[in-house]
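A.B. asks: Sharing a sequence plus its predicted fold:
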Amino acid sequence: MFETNQIKLRKLEISDAKIYHQWRNDIDVMSSTSPELDQFTLEETESFIKGILVSETSRSYMIVTKDDNKTVGIISLININRKDQSAECIIDIGEKEKWGQKIGQNSLKLLMNTAFNEWNLHRLMLQVFSFNTRAISMYEKLGFQLEGTLREAFYRGGMWHDIKIMSILKSEYQKKS
């Protein structure tokens with residue numbers, strides 16, 4: 001259920017704080033996905049992870065490459081709403097040497113399959129910065145559609161940027177699969 005030939009997803013654990021802390025403090029990694037660039041202490045990162053682990057509306061998984069058993073990223077469903085059968089996707093590939101290898105795409109496919117076919121969710125959405133064109137292209141390949149734009153909602157590098165809202169419905173996912 002949580003693996004392909006290339007990757008496997010495993011539940012986030014408090015012992016992942018050290019690796020996640022490295023990514024969270026790497027400006028290259030976070031600049032295209034995180035609205036808040038800052039330097040965090042290890043204690044702050046551990047506290048952040050503890051909050052995720054006890055949340056009833058989130059599920060987070062570490063992405064591990066099978067060829068070298070290396071933890072390379074994190075993928076999550078947040079704001080899980082059981083009544084409306086919806087959730088928001090978040091993904092970060094923290095190991096930069098693994099960028100461009102379709103690890104994010106394969107991880108999101110796994111999560112989408114589980115969300116729609118095991119947890120019976122109806123709708124997945126995500127937010128992406130308008131300048132993150134590689135991610136937007138990947139999301140479109142997976143069937144996500146643009147729902148709207150939060151115009152100039154995000155300030156980075158001395159400029160205002162849009163945030164794109166994209167989503168996919170279970171019926172759209174099933175047609176594509």
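C.D. replies: Received it, and whenever you're ready, just let me know what you need. Owing to the predicted nature of the structure, the values given are computational and were not obtained by experimental measurement.
A.B. asks: Thought Met125 was touching Leu169, still the case?
C.D. replies: No - judged on C-beta atoms under 8 Å, Leu169 makes no contact with Met125 at a distance of 10.0 Å. Placement of C-beta: from N, CA and C, glycine included.
A.B. asks: three-state assignment of Val72?
C.D. replies: State at Val72, reduced to three classes by DSSP: H, G, I helix; E, B strand; the rest coil: strand.
A.B. asks: for the nearest residue to it once chain neighbours are set aside, what are its contacts?
C.D. replies: Residue nearest to Val72 in three dimensions, not counting chain neighbours: Glu95, with 4.2 Å by C-beta to C-beta, 6 or more residues apart in numbering. Residues in contact with Glu95 (C-beta atoms under 8 Å, 6 or more residues apart in numbering) are Lys70, Thr71, Val72, Gly73.
A.B. asks: now the residues you listed as a markdown table including pLDDT and distance to Gln22?
C.D. replies: Shown next, in a markdown table, are these (pLDDT from 0 to 100; distance: C-beta to C-beta, whole Å):
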| residue | pLDDT | distance to Gln22 |
| --- | --- | --- |
| Lys70 | 95 | 13 |
| Thr71 | 97 | 10 |
| Val72 | 97 | 12 |
| Gly73 | 96 | 12 |
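A.B. asks: Mind giving me the PyMOL select for these, buried ones only?
C.D. replies: To isolate the buried members of these in PyMOL, using 16 or more other C-beta atoms under 10 Å:
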select buried, resi 71+72+73
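A.B. asks: Put together TSV for the contacts of Glu95, with distance to Lys11 on each row.
C.D. replies: Formatted as TSV, the contacts of Glu95 follow (distance: C-beta to C-beta, whole Å):
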residue	distance to Lys11
Lys70	17
Thr71	12
Val72	16
Gly73	14
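A.B. asks: No further questions, thank you.
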